[in-house]
Structure formats: C-alpha cells, structure tokens
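Engineer: whatever this is, show me its structure:
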Amino acid sequence: MFLLLVAGSLQAQSDKETKKQEREQRKLKRISLFRELEEGENNYDREFSIGGRLNTDGWSGFFELGYRKNRKIVNYFQFEFAEKKDPKEDKKPGAFVPVGDFAYSEKPYIYGKQNNFYQAKLGIGQRYLIGGKGNKNGVEVNAIYYGGISIGLQKPYYLKVETPSGEVKDIKYGTDPDLDTAFITPSKIIAGGGFGKGWGELTVVPGLHAKAGLRFDWAKFNEVVSALEIGINAEYYTKSVPILVYQDDKKFFFNAYLSLQFGKRWDKK
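Structural biologist: Alright, predicted model coming up:
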C-alpha cells in the first residue's frame, strides 16, 4: 500500500508538471504569434485605406488601394476629391434681419469669391521603404512619389444682393457690370447664395498633378494601416481658374500637405 501511494503521488506530480509545461508552451506560442504580428516585417500583399488631407490651399479626402511589388516597394492607386481655397479668402457674416424684438443673421459669405474650384483626381504611385519597425512601438518610414490626372470642376459662386434697381436676387460675378458692382459692395450683399447654387453651370478643366513626400506608419499590428503623410503637391490645368475677383487667375497650383489615413492589409488568396 505504501508503494502504491508513493507511485500514485509521483504520477500525479508528473502529470502536473506535464500540464504546466503544456500551458507554458501554449503561452510562449501566443507570445510568439503576437510578436510576429507586432514586430515582424510587413509583407502583406494588399492594403486598402481611406484618409483626409489638409493642404495649404484647401482640403481633400481620398481612397487608396495598394499592391506589394516586393519587400521594399508597394504600388498604389488613389482617388481623391479636393477643393482649392485662396489663402486670402475672407468669410463674413450675412446681413442682420430684424424680426419684431429680435434679429437673425443671413447665411455667411466669402467676400469677392468668384468660383468654387473642386478637383477629382486619379493617380498611381509607389511607396519605397526607408526604415521598418524595430518593435511594436516603432514607426515604419516610406518615401512616396505619385502622379495622375485631375478633372477640375469650376462652379460659379452666388451671392444674394440688392441690385441697383432695389430688387433682391441671387447673382454670380461676370454677367453684368451693374450686378458686378453690387457683388463686390459689402453694403449691397445680403447673404451667400448657398451650397446648392451653380451646380448646373459647372465648367470642366482637365489637368495633371504630382506629389512627393514621406509616410510614417505607427500601427502596432502590421495588418492595420495607421499613417501620417507629409509632402508637396503640384497641379497644372489647361486653362486659368478664377477663384477670387481681386486675385490673378491660376493655371498652376503648388502646396504643402499633411494627411492621415486608416485601413487594413491582407494576403491575396
């Protein structure tokens, strides 16, 4: 009986040790998998992300689809929608309208604004790896170079004004000298015409664009895209675009930008 008790005790102790070793192995395996995800080199075949960009002359939003070419190079396609704004744009409140004992303000407007200028851009670029992540808290650094076509959309900017005849109406600049005077006379301006005005009068202005910059991806897991990009952008259009009445029309636009984008990566099946 004594020998049986000793043998049983030894067997139980052996089983506990075996289970403990199995738990340790599973734990080490999980740690290893997380390290691969967090610290391993990013070799995913595909990626998709969306983002927003602040430019020194406007804003934009974009979609991006990337295809890995090799360890260091990713080819990507990007669609972007943007608006150009002149740095001298001056937003002013609309006229105050009394209603009994109260008053309300009409829609604000941008003084001297002649056209809104939007762009739909489609292009192809490459991202070149400069430095990978050393650990999960590291940052992947890439150089980017990119170019493509731009479809400019010039939309007339409307104001609600009091015309020389005393009539209140929505007008755009460049149709009549008397109305043009009212368009740029603050005392005659009542309000902005509203975002919906002018879409039926779009003028298409084709062009080209190109940019270069640096992208910093700080996501802990390689399957996630969390990136900040800084760079410069140049655009050329086939005809001059008037944005403000008192500023020269432009064919060529040059700006600096800062963008943020988020998305995911995966391997093709």
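Engineer: only C-alpha atoms from now on, for both contacts and neighbour counts.
Structural biologist: Noted.
Engineer: low-confidence ranges, the stretch 1-150 of the chain, go.
Structural biologist: 2-4, 6-15, 28-40, 134-136 (pLDDT under 70).
Engineer: show me where it has strands.
Structural biologist: 46-55, 58-68, 73-84, 90-92, 96-99, 102-105, 109-111, 115-131, 140-156 (DSSP state E, counting those that start in this stretch).
Engineer: so which of the ones you listed is nearest residue 165?
Structural biologist: Shortest distance between residue 165 and these, using Cα to Cα, is found for strand 96-99: 20.2 Å.
Engineer: show me the contact partners of the closest one.
Structural biologist: Residues from elsewhere that reach strand 96-99 (Cα atoms under 8 Å, 6 or more residues apart in numbering): 103, 104, 105, 106.
Engineer: circling back: select, out of the strands of the stretch 1-150 of the chain, the one closest to residue 192.
Structural biologist: Distance to residue 192, taken as Cα to Cα, is lowest for strand 109-111 among the strands of the stretch 1-150 of the chain, at 4.4 Å.
Engineer: in a markdown table, list the contacts of strand 96-99 along with neighbour count and distance to residue 48.
Structural biologist: Below are those laid out as a markdown table (neighbours: other Cα atoms under 10 Å; distance: Cα to Cα, whole Å):
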| residue | neighbour count | distance to residue 48 |
| --- | --- | --- |
| 103 | 11 | 50 |
| 104 | 11 | 46 |
| 105 | 13 | 44 |
| 106 | 15 | 42 |
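Engineer: just put those in TSV and tack on distance to residue 129.
Structural biologist: As requested, the contacts of strand 96-99 are exported to TSV (distance: Cα to Cα, whole Å):
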residue	distance to residue 129
103	59
104	56
105	53
106	52
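Engineer: just give me the residue closest to the centre of this protein.
Structural biologist: Centroid-nearest residue in the chain, with Cα atoms, centre = their mean: residue 52, separated by 1.6 Å.
Engineer: does that one touch residue 63 like I think?
Structural biologist: No - between residue 52 and residue 63 no contact is recorded; they are 9.1 Å apart, counting by Cα atoms under 8 Å.
Engineer: could you pull out the helices for the stretch 101-250 of the chain?
Structural biologist: Along the stretch 101-250 of the chain, counting by DSSP state H, counting those that start in this stretch, helices occupy 177-183.
Engineer: now do the contacts for residue 259.
Structural biologist: Neighbouring residues of residue 259 by Cα under 8 Å, 6+ apart: 51, 52, 53, 54, 228, 229, 230.
Engineer: and those, which of them are buried?
Structural biologist: Among the contacts of residue 259, those buried by neighbour count (16 or more other Cα atoms under 10 Å) are 51, 52, 53, 54, 228, 229, 230.
Engineer: mind putting those in a markdown table, distance to residue 175 included?
Structural biologist: Shown next, in a markdown table, are the buried ones among the contacts of residue 259 (distance: Cα to Cα, whole Å):
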| residue | distance to residue 175 |
| --- | --- |
| 51 | 39 |
| 52 | 36 |
| 53 | 35 |
| 54 | 33 |
| 228 | 44 |
| 229 | 42 |
| 230 | 41 |
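Engineer: nearest to residue 160, of the residues you listed?
Structural biologist: residue 54 (29.8 Å).
Engineer: gap between that closest one and residue 261?
Structural biologist: 12 Å (Cα to Cα, to the nearest Å).
Engineer: these two touch, right, residue 160 and residue 189?
Structural biologist: Yes - assessed by Cα under 8 Å, residue 160 is found in contact with residue 189 at 6.3 Å.
Engineer: before we move on, the earlier item: may I have the beta-bridge partners of the residue nearest to the centre of the chain?
Structural biologist: Note on residue 52: beta-bridge partners residue 61, residue 260, judged by DSSP bridges.
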